[in-house]
Every structure is written in structure tokens, then in C-alpha cells.
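Visitor: Next one to model:
(chains A and B)
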Amino acid sequence: MTDLNYDKSLKLKQLLPAKAVKEIDHWITKYPAERKRPPIMPALKVVQEYNGNYLTEESMQAVAEYLDVPPVAVYEVASFYTMFHLNKMGKHVVSVCTNISCSLRGSDKVIKHLQDRLNIKLGETTKDGLFSLKEVECMAACGGAPMLEVDKVYHENLTEEKIDQILSDIAALDASSKEGK
Amino acid sequence: MCMVEVSSIPKAVPACATPVADGMVIQTSSQKAIDAQKAVMEFLLINHPLDCPVCDQGGECELQDLSVGYGNDVSRYVEGKRVVTDKNLGPLIATDMTRCIHCTRCVRFGQEVVGLREMGATGRGEHVEIGTYIEASMSSEVSANIIDLCPVGALTAKPSRYKARAWELRESPSIAAHDCLGSNVSVHHRRGEIIRVVPRENEAINEVWLSDRDRFSYQALNEGKRLLKPRVKRDGEWVECDWQTALNFVVSEMKRIIGASDGNNFGALVGNNSTLEESYLVQKVIRGLGCNNIDFRTRRRDYSADEMGNVRSGLNFPLADLSNMDATLLIAGDLRQEQPLAALRVRKSTGFGKAMAINPFDGEYNFRLSHEIQPEPHLLAQEVACLLAAVVSKVKDVAADVSDWLSDVSFNDTHLAMAQELIDADKSALLLGVYVQEHSQAEVINWLAEQISELTGSNWGYMTQGCNAAGNNLAGAVPYQADVGGRATTGKNAKQMLTEGLKGYLIHNCEPDVESIWNEQALENFKKAEFLVALTSYADGRMQDYATVMLPIAGNYEASGTFINIEGVWQTFAAVVNAPGETRPAWKVLRVLGNLFDLKGFEYESSRQIHDELKEKHELAGDKKIARKTPAALSAASKDDSLRDSLGLYLVDPMVRRASALQQTPKASTHPISISRVKT
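Guide: Residues are numbered from 1 along each chain as shown, chains lettered A, B, ... in the order given. Just a heads-up that it's a prediction; the model follows:
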């Protein structure tokens, strides 16, 4: 039953701070008004940022209502792109590309090293909640294969030493920011 | 699979996605094209399980057919195949998602045809899965069409799953009986048992689709508690007997009651889904005995136009044109619930045209409305009057009585905008939903709609309950006219029969204690009656309490007959399977009754003869056109008298109420109903 008075924006407004909703509104203006689906991706990005780096079914439902699209259209986008996380993730998500170029250049070794070093499997999070390991599709850095992305930074031409360096840098940065507080 | 070789392009290309260009030379069966087709076939089979022997689609599978034509004998792949968990889509559709080849026809059906996207392709690459993501039953009323669309065995019909192989089935054409469109169906049956019902293509009516209600109602015939032998109630106990005994008893009781009261104390009620022939014979028997109390409109409140002879019903334009309207105005029309396939057509028209609604309830729409007014049910007529006033303000040459009638009626911008759209549209239509005919001011609303359609040059359509309202009217199963509009002494209408209480009743293929607006009074009066003969296919329900005699008649698909749909198309069908036990087609029962009463003109040997007799009379008489009189000034209807006590999608007739899978769908349980559910 359609309730004429039902406010479709309510769920999202309850879920997010006003600032975030404003951000989504800004993205909506960037697309033709009769096209409902294009803003799904930026909207999910904003929601994920304010929602502890992952998307819940509830938040996806809220986005669908806010943008007036079928919920399944939102699930499709969220489950397609690897940058959207459907489960609670660690503080730093290490995304390793395993597509053709990286694969040829030894991404399997990168993954094995990361798994050994962090003592977790693909798709898992370390016990201290610091790192999550994720296998992702091509991130358009084939020239520097094998590559990984963590905290929005690309790291290319990976070797075992380089990976160790990246992880310890992040850990050190975390420690110093804690002290800074 | 549609890879072709094009002269100017070095690689084979998919024909379905390549635009035609000047000078193209296309080879469909060159070596290159065939190699490409075979390569695609090989890809399709990489993850598809080779479980055809245990797959319900085996023998009618598009992928199986293609792989016979283009597949290799032996697979070159040794890698493990992908496994996908099955989704629960509800009681109608069974899933085996491992078999899915991601053609996305089911997704596109929801998006493009229904306008309610419930299925989607989630995940990426090898992890793509078709489903609803969050487990939910499909809520669309036409959902089961994706079973036909699915080229493989991923989506199959749950009620008929593993019942039969495609090659064991025989196919017979028939007509669906649960809405006024009269969708064409093919009934698949084996050794006298109906296994399933699928749509039969008819572009003018149902295109290639079928509503879930028409598709799964057959279950009632197989699983419902059928009445197999005539029964007579003796000292409060049901006693099974032979036809002769039962019919003799009926004849003596009917003679007694009708004779004692000059026909005033007996009444006949006919179901909405009775065939033309059955309704005709019921009225022939009743009128032959000197009784004019016969009606099928147990959900009507306003009988004020009866005295004019014929009540307008049906469409004045081809049903298929509903897809091409530039503007469609729904007046109390809940198409998705009442005529699901008409809703698909209106949706199609909204691709370029506009749809508007004056609906006194929270409608569920699968298309966008450009304007919507939601009046209280008892103020529906007022709202339509406002629209007429808005129309009158914009056109010339308005009849004086119309403008006089409207002198006190005001209107607002929404009414004006609606009026403008109807006037501007090249092709437009007013659709009056089933609820209008149930409204206590039905005839005023009909008159108003008539004026609007005339002044705006719009077509009109009066939707009706059940599949044969037009046929019942024509057959004379109404108190105001005999067959084909012939004169008859006016008898009692359904409301009078059900609320006043009569000594004797004949009810044919209906349960007024459930379906009628006066269901509670009907039940009370039926119980009080001295005699009630029920012609019914089912042995359960409250009928057991109130009937005196129960005569087993054949259900849909078990007897021949004719339905006249909303467009006025006569659709005759033959029996598909034999009726079980001592059940007989109703027209035969009524013919024998006519003979036992010594009435003239009951020498029919087939239902076809009855049909021909009526058809001939109808061609001679033609359709009566009756001008509606300007109604009295408008006053508000009483609130109680115009409640929308909707029957609900899956409660419309005895057969649907006993179809078990439909009763388990979310639509059956959540739709607002004011009547108590039938025990099954």
C-alpha cells in the first residue's frame, strides 16, 4: 500500500548526519533529474564513509528509498563494486588486485605473503581489528602490477619487503596518531 | 548464440546487439559464424550443470535444444563447476539457481514489463547471482511469467514441479476464468489430470502473459475437496444419493415453493464465472417456472438503472488499445488487483502517455501517475463531478441539463489539469474499476463518466467482477431482462434476495455467504430458508451448513462453454479433462432439470447448440443502446454504504479460494479483506 504521506527521505535522514545527506544531495544534482540510478554509487560511498566503512541492508534500503529506486538496484551496485563492503571491516582494508596483469606478475605470492604476515585469510579481519584483506578486481594500475590499495593509496610493483614496509608504516602512523591524542 | 559474420568486421559479432549499416553482408552460417556460436555454447556450459535427467525443464529447455545443435559431445573443462544457493521466491516459483545462465530475462521482465523490479543480478564476474538479494517472496501478481521466460530449469513452477515430463503432457486450449479479460490459456494435462496452465498467445487480449491467479487456480480442481456425488440433507444429516433421487427432490421442492408464492419466494443466484450457457439455462428454468428472481450481481449496491433495461458494461474500444493511450484515467480502478494484465497495458502506455487516478483507496500502481486524487469512498461521486465541472469549464457545446446539474459544483487545479490532459490527448480512456459498480452511487458515477468521455472525446471502459459479467447480462441472469435484452417482469435483485430472505434458493457456482457485500445476511437467510439447492464443484465451506441439496457440477476446464469478455469477444472452449466421480457439466444438469419440469426448449444435445441459439438471437436483436437519464442532484453517500470491502486478489471466486499455492502468497494474506476466510 502506498501511503501518500510517507516520507521516503526519512530513513536516510535518521541514519546519517545532516552533513552527509547534504553531500548526497549535492551528488544528485550532478545527474539528470529523470535518471534515478546514477547517484546510487556516490550515495553509497557517502553512506559507507559515515557508517563505519561498511554498508548494512538497512542503509542500502534507506538509499533506495531516498533515491526512489528499487532496493535491488542498490544491492546490485553495492555487491558489484569491491570498494563497497557488505560486512564490518578492519580499520585498514588491504585490497589486492588479482586480475590478469597482477596475476601474471605474481599477485598470488602477494596474497600468500599478506595472509602469512597478518595471519588471516582473504575476506577476514585481524583480531585487533586493524587490517582486513580483500581480493579485488582490476584497479587500472596494470603498468605497476602487482599492486594493492590501502587507505585510498595505490602501492605498485610489490615485493615482499615493500609489503612489510607498507604494513609497518601504517602501524607506526596509527601508533603516533594515538600518542598525539 | 546469435553470433554472425559481418563482411566489414574481422570478428564474429552478436546479431542482437549490432546495428544494421549500409552495405553490410551478413553470414549466419559461415564457418566463422558457426565456430563463434559453438564457442558461446561452450562458455554457457562451463558452469551449467549437466543434470538434465533430474531437471524439471528437461525436454522443454532452450539451452538443451541449443546444446543439441551447437554443443560438443565432450566438455573440455575439467575445473569444478560453480554452485549457487537456491533462493526462496515464495510458493509459486521454485529455484535451482546453479542452473542459471544469467540471461537476465527475469530481471528485465520485472523492470520493463511489470515495472516492479524485484529480481536483480548481484555480485560480479563469476560470483554473479540472480535473485532478490534479501530473501523475499515475489509480491507481483504476474510473477510466475518468469517461469515461462526462464530458458533453463532455474525458475520452475512450484505447484507442478516433478509432476510430469513435458513430453507426457497433452495441450488443450481454454479460457481463464478469473478476470474480465478472458486470458487465453493452454492447459497441460496427463491422463485426465491437469498438470499446469500456461498462457496461450493472443495479442488482442493477454499478449503472451498470464496472471498468477489464472495460472495457478487449477490447483483447486486437483486438491480442493470435490463434491463427487449428489447429496440431500435428511434430518440434518447429509445423505449421498443418485442423480435421479436428488433431481426429483429438487423438482418437487421448487414446484412447491414457487407454486405457493407465484414465484415471489424463490430466487436464483449465479456465479460471476458461470458460462454463458449455464447462466442462460438457469434463467430459462427459473423464468419457465414463473419466477423472475435471478441475479449474478451479488456485489452491487446500486440497482437504480435496472429499470432502463441494460446497464452499460465493457469497453467501447479494443482492449489492446489500452497500451496506446495518450491519457488514461482510472476511476476507483485497482487494476493490479482486479485485472493484472490490464495494469501491464496501462503501464506500457505510460511510456509515452499519462495515467491519472481518482481512487478512493491506497492503490498500488506499477506506473507513475501524473495526477492523483484520493477521495474518501463515500465522496467518490463528488470528486468525479468536480472533474466533469472542470471539463465543462474548458469545452464548448455543453448540454444545458449537464451544466444545470453542475451549477453548485466547484473544482480545483488538479481537476483542471486532469481535464486538460483528457482533452489534449489524441487517444484517451476512462477506466471505471470494479469498485465503481459496487458503490452505492454507481449509476451517478457511470453517468458522470459518460459525460466526461463524451465531452473530452475519450473512450470508456467499465471493468467488471469475474470473467463473464457481459455473458451473464446477455444470458438474462439478471432480474430486469430475459436473454439478449428481452422483456421480462422485473424480479428481485441480488440485494433483495440476500437481505430480505426467501423460502427457497438456487445457487449456481457461487458462495454469496463469502463473495457478496451482504455476506453475513446471506448466510443468515440461507440458513433460515426451507430449501436451498447448490450447484457446486466443492464439498467444503459453509455451504454444508445451509444447503438442502448439493449437486456436483464440473469446474473450469472440465466442461465446455463460452465466456464473453469485457471487450465483447465470445470465447468458446471445450472441456479439457473429465470431471471426477458423478460430477456432470452444469448445462447438462440444468437441461435435465428443464425436462423434469416439463419445460419447452430443453432438447439440447451439446453446449454448442445453446451457444448457437443465443448467438442467433443476439445477432437478430443487436446491442441495445440506452440513454442514461440525468440523475437527481448529488448528495453524499452514507459512509457505511460505500465502504471498500474488497474481495482481495485471491478471494474472488470459489475456485481461487481453494487454490492452495495462491493462498500461501503474501498477497493473499496481507490484502485487506473484510470477510472471513473460507475454511479449506
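
Visitor: What about B:G601, how many residues nearby?
Guide: 9 (other Cβ atoms under 10 Å in any protein chain shown). Just so you know, the C-beta spots here come from the backbone N, C-alpha and C atoms, and that holds for glycine as well.

Visitor: thinking it is in contact with B:K284, fair?
Guide: Yes. Assessed by Cβ atoms under 8 Å, B:G601 is found in contact with B:K284 at 7.1 Å.

Visitor: Check which helix or strand the nearest residue to B:L614 once chain neighbours are set aside maps to.
Guide: Leaving aside its chain neighbours, B:L614 sits nearest to B:Y280 (5.9 Å; criterion: Cβ to Cβ, 6 or more residues apart in numbering or on different chains). For B:Y280, the host element (DSSP states H and E) is helix B:276-288.

Visitor: Give me the next element, helix or strand, following that helix.
Guide: Downstream of helix B:276-288, the next assigned helix or strand under DSSP H and E is strand B:294-295.

Visitor: Quick check: what element follows that following strand along the chain?
Guide: Following strand B:294-295 in sequence, per DSSP H and E, is strand B:314-315.

Visitor: Run through who's touching that next one.
Guide: Applying Cβ atoms under 8 Å, 6 or more residues apart in numbering or on different chains, the set of residues contacting strand B:314-315 from outside is B:459-462, B:464, B:470, B:566-568.

Visitor: got the CA positions of the very next helix or strand once past it in CSV?
Guide: Remark: after strand B:314-315, the chain's next helix or strand is strand B:327-331, criterion DSSP H and E. Presented in CSV, the C-alpha positions along strand B:327-331 are these (Å, rounded to 0.1, in the frame of the first residue of the first chain):
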residue,chain,number,x,y,z
ALA,B,327,-4.1,9.5,-21.3
THR,B,328,-5.8,7.0,-19.1
LEU,B,329,-7.9,8.0,-16.1
LEU,B,330,-8.6,5.3,-13.5
ILE,B,331,-11.8,5.9,-11.5
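
Visitor: what about strand B:327-331 and chain A, touching?
Guide: No. Shown here: strand B:327-331 not in contact with chain A (Cβ under 8 Å from any Cβ of the partner chain), separated by at least 13.9 Å.

Visitor: can you give me the mean pLDDT across that strand?
Guide: Averaging pLDDT along strand B:327-331 gives 96.

Visitor: for stretch A:132-151, which positions count as buried?
Guide: By neighbour count on 16 or more other Cβ atoms under 10 Å in any protein chain shown, the buried set for stretch A:132-151 is A:132-134, A:136, A:139, A:141-142, A:145-150.

Visitor: any low-confidence regions in the chain?
Guide: No chain specified, so I'll use chain A. Applying pLDDT under 70 to chain A flags the ranges A:1-5, A:180-181.

Visitor: wrong one, chain B
Guide: Using pLDDT under 70, the flagged stretches of chain B are B:309-312, B:623-627, B:644, B:669-680.

Visitor: Please identify the helix or strand for B:A429.
Guide: Judged by DSSP H and E, B:A429 forms part of strand B:428-432.

Visitor: For the contacts of strand B:314-315, which entry has the maximal number of neighbours?
Guide: B:G461 (28 neighbours).

Visitor: Check the secondary structure at that one for me.
Guide: strand (DSSP: H, G, I helix; E, B strand; the rest coil).

Visitor: List the beta-bridge partners for it.
Guide: Using DSSP bridges, the bridge partners assigned to B:G461 are B:L315, B:L431.

Visitor: didn't it look like it was pressed against B:I566?
Guide: Yes. B:G461 lies in contact with B:I566 (Cβ under 8 Å); the separation is 6.9 Å.

Visitor: Relative to chain A, how far out is B:D653?
Guide: Separation of B:D653 from chain A (Cβ to the nearest Cβ, to the nearest Å) stands at 24 Å.

Visitor: Let's check: the centremost residue of chain B is which one?
Guide: Geometric centre of chain B, nearest residue: B:D179, 1.8 Å, by Cα atoms, centre = their mean.

Visitor: check contacts around that one.
Guide: So B:D179 contacts B:211, B:213-214, B:338-341, B:466-467, B:652 (Cβ under 8 Å, 6+ apart).

Visitor: That one belongs to a helix, doesn't it?
Guide: No. Using three-state DSSP, the assignment for B:D179 is coil, not a helix.

Visitor: Could you list the contact residues of chain B toward chain A?
Guide: Residues of chain B lying near chain A (Cβ under 8 Å from any Cβ): B:116-125, B:132-134, B:362-365, B:372, B:374.

Visitor: Try it again at 10 Å.
Guide: B:107, B:110-111, B:115-125, B:127-129, B:131-134, B:136, B:361-365, B:372, B:374, B:670-672 (Cβ under 10 Å from any Cβ of the partner chain).

Visitor: hey, where'd the helices end up in chain A?
Guide: A:10-15, A:18-28, A:40-50, A:57-67, A:71-80, A:100-104, A:107-118, A:160-180 (DSSP state H).
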